[in-house]
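J.: the following comprises the amino acid sequence and a computationally predicted model.
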Amino acid sequence: MTRIGASMQSGRIWVLVLLAGILLRLAFVWRPLDYRLLNSWRECDYTAIARSFYTEGMNIFYPRVDWRGDTPGYAEMEFPILPWSGALLYQIVGYHEQVLRLLSAVCSILSLFAFAGLARRLLPHPGALIATALFAANGLLFALSGAIQPEPLQLLFTILAADAITQWLKEGQRRFLLQASAMTAIAILAKSPAAYLGFLLAYAVLRRLGVRAFSDPLVYVSAAIALVPPALWYAWSHSLYLATGLSLGVSNETHFLTWAMVLHPQDWIPWNVISEWRDVFALFGIFLGVLALLHSWKTIEVPVIWFASVILFYVVAADTSGDSWAYYYHCNSIPPACLLMAIGVLELEPQSRWFKKFGKWKEGLSFAAKGSLALTFIATLARGAQLELNTYRSPELKAMYSSCKEMCAYIPADARIVARGGTRLDRHGHPVAYNESMPFAWMDRKGFNYAQEDYSLTTLRSITQKGGRYWFVEPADLSNRIVYAEITQRTRLVAKRDSFALFDLLPLLEDSSAVGK
């Protein structure tokens, strides 16, 4: 009866952990697309792309953005599974922006269950429960669950791929290798950073087959399954970029480690370390992760190689992963980190082979491990709350949103707007994706973006000649008073709200005496 009672008690704890994780992941799906955004440009882009599928055609091979200029809007991006699925649901339930958030939450909930299955396969029962609880409570993960972006979908298939790889290593059944390859392909299609799974998959194949891997046809078939579909999609997507010049940062931004980055490690190492420390290990979990390394290699092999593969990706993609805004890329290292932290707790349990070797320190270290675990839960939940509160704490975005919603009444539905974007180059002189999508998404209008470096009368006149009509002025446009005065003297004010304004650019075409700067 004792074993039955313990089993029932354990079952209840599992239910509570999973239920808590589900509730956290559903907490923020009710919001429409307003100023409360975790990552503003990404969420606005995905909303606009879904809306374009819904209103302009459901061909998944032609995703369209709103900042399309005078092009059809076809843009280079990851395979648009989430926005296309959202548009499909719009056909059934009508247009509701919360649908996209719900899709992200569903992917995140499925990830939670997939991770629980993987943890139970890799770890003894207490460790699996701890790892799943850490994963369920991770602040970055439940914040992303309510965000309109591809990370939850990518993470779901990443975990499914890692689970299949684990089973391949343990059992050697060929179907698991094929399954791992298929899940890897879908994860990379969902978002290209999942390509790091190639390192984990290659390790598993060599670990299991050794030199026989190079003569086994199944290995080559599996490699083709994992790599060919993503290669075909990203090649096709790049052709859209070549045709329109529009990209969500795939080809028009520098991602990889360059010699300039090697010479300036202070530009990418600190934020990578901060993101891992804060968003992955929740400050106190580092201690547990280090303790895990004392465990047998058989236990830590998969999470260590998995984690190392992700870290290698962060180094290769240092020109992106090392930026402060790219903290959400670090969701990729959360699953293996949760496994390692759970193993670290188990290492100081009485049944551990290492426990007795700590001598007089064993009780203190055991207390420290359990204390670190408790503090990790507190810190990661606090981080999630901070991320959520941050969506309310952007007066600039709130003011922009209110201005957009007020001014769009002055703009005909088929008129093209003009809005400022970000910088064209980073601090190393490397290209970055400067397009910002918020005014377009909030106004539900198409139009033109210009880079900050291109702000001039000449730029706006050129855009007007291509069909741009209504210039949405942001506070940053006021910083160059000479250019701003020159433009506004030759255009017509339509509306003004605080530091935002709307000008009709049509007079620029009629003013033949205007001189470009």
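T.: Thanks, I have the structure now.

J.: drop to CA atoms for contacts and neighbour counts, all remaining ones
T.: OK.

J.: in this structure, where is pLDDT below threshold?
T.: Counting by pLDDT under 70, the chain has low-confidence residues at 1-9, 348-362, 512-517.

J.: list the contacts of the residue nearest to the spatial centre of it.
T.: Computing the C-alpha centroid of the chain and ranking residues by C-alpha atoms, centre = their mean puts residue 151 first, at 4.0 Å. Residue 151 makes contact with 144, 190-191, 328-329, 331, according to C-alpha atoms under 8 Å, 6 or more residues apart in numbering.

J.: end to end on stretch 70-81, go ahead and measure it.
T.: End-to-end distance for stretch 70-81: 26 Å, by C-alpha to C-alpha, to the nearest Å.

J.: quick one on the thing from earlier: rebuild the contacts of residue 151 as TSV, extending it with distance to residue 408, neighbour count and secondary structure.
T.: Listed next are the contacts of residue 151 as TSV, based on distance: C-alpha to C-alpha, whole Å; neighbours: other C-alpha atoms under 10 Å; DSSP: H, G, I helix; E, B strand; the rest coil:
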residue	distance to residue 408	neighbour count	secondary structure
144	29	26	helix
190	33	27	helix
191	33	22	coil
328	32	18	helix
329	34	16	helix
331	36	21	helix
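
J.: got a markdown table for these, with distance to residue 84 too?
T.: Shown next, in a markdown table, are the contacts of residue 151 (distance: C-alpha to C-alpha, whole Å):
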| residue | distance to residue 84 |
| --- | --- |
| 144 | 19 |
| 190 | 12 |
| 191 | 15 |
| 328 | 22 |
| 329 | 22 |
| 331 | 23 |
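
J.: just to be sure, residue 449 is in a strand?
T.: Yes: the assignment for residue 449 (DSSP: H, G, I helix; E, B strand; the rest coil) places it in a strand.

J.: so what's it bridging to?
T.: Residue 449 has these beta-bridge partners by DSSP bridges: residue 419.

J.: how many neighbours does it have?
T.: By other C-alpha atoms under 10 Å, 22 other residues sit near residue 449.

J.: which residues touch it?
T.: 67, 69, 418-421, 435-436.

J.: quick one: the helices in the stretch 251-400 of the chain, in order.
T.: Per DSSP state H, counting those that start in this stretch, the stretch 251-400 of the chain carries helices over the ranges 259-263, 269-275, 285-292, 297-316, 318-321, 334-347, 362-390, 395-407.

J.: and the ones you listed as JSON lines, adding mean neighbour count?
T.: Listed next are the helices of the stretch 251-400 of the chain as JSON lines, based on neighbours: other C-alpha atoms under 10 Å:
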{"stretch": "helix 259-263", "mean neighbour count": "12"}
{"stretch": "helix 269-275", "mean neighbour count": "18"}
{"stretch": "helix 285-292", "mean neighbour count": "22"}
{"stretch": "helix 297-316", "mean neighbour count": "19"}
{"stretch": "helix 318-321", "mean neighbour count": "24"}
{"stretch": "helix 334-347", "mean neighbour count": "27"}
{"stretch": "helix 362-390", "mean neighbour count": "18"}
{"stretch": "helix 395-407", "mean neighbour count": "17"}
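
J.: and the strands in this structure, which stretches?
T.: Using DSSP state E, the strands found in the chain span residues 416-420, 447-450, 468-473, 492-497, 500-504.

J.: deepest of the ones you listed, which one?
T.: The highest average neighbour count among these, using mean count of other C-alpha atoms under 10 Å, belongs to strand 416-420 at a mean of 27.

J.: and for it, what's in contact with it?
T.: So strand 416-420 is contacted by 436, 439-440, 445-452, 463, 467-474, 477 (C-alpha under 8 Å, 6+ apart).

J.: just to revisit the earlier point, now the contacts of residue 449 in JSON lines, with distance to residue 116?
T.: Shown next, in JSON lines, are these (distance: C-alpha to C-alpha, whole Å):
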{"residue": "67", "distance to residue 116": "41"}
{"residue": "69", "distance to residue 116": "46"}
{"residue": "418", "distance to residue 116": "48"}
{"residue": "419", "distance to residue 116": "45"}
{"residue": "420", "distance to residue 116": "45"}
{"residue": "421", "distance to residue 116": "42"}
{"residue": "435", "distance to residue 116": "39"}
{"residue": "436", "distance to residue 116": "38"}
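
J.: which one of the residues you listed is nearest residue 394?
T.: Ranked by distance to residue 394 (C-alpha to C-alpha), the contacts of residue 449 are led by residue 436 at 16.1 Å.

J.: wait, isn't that closest one in contact with residue 41?
T.: Yes: applying C-alpha atoms under 8 Å, one finds residue 436 in contact with residue 41, separated by 5.6 Å.

J.: more neighbours, the two?
T.: Neighbour comparison, residue 436 and residue 41: the larger count goes to residue 436, with 22 against 18 (by other C-alpha under 10 Å).

J.: how close does the nearest residue to that one once chain neighbours are set aside sit to residue 413?
T.: Closest residue to residue 436 apart from its sequence neighbours, by C-alpha to C-alpha, 6 or more residues apart in numbering: residue 421 at 4.9 Å. Distance, residue 421 to residue 413, using C-alpha to C-alpha: 22 Å.

J.: go on, residue 472?
T.: Distance from residue 472 to residue 413, by C-alpha to C-alpha: 15 Å.

J.: separation between residue 481 and residue 507?
T.: Distance from residue 481 to residue 507, counting by C-alpha to C-alpha: 20 Å.

J.: which of those two has more residues huddled nearby?
T.: The neighbour comparison of residue 481 against residue 507 (other C-alpha under 10 Å) goes to residue 507, with 16 against 10.
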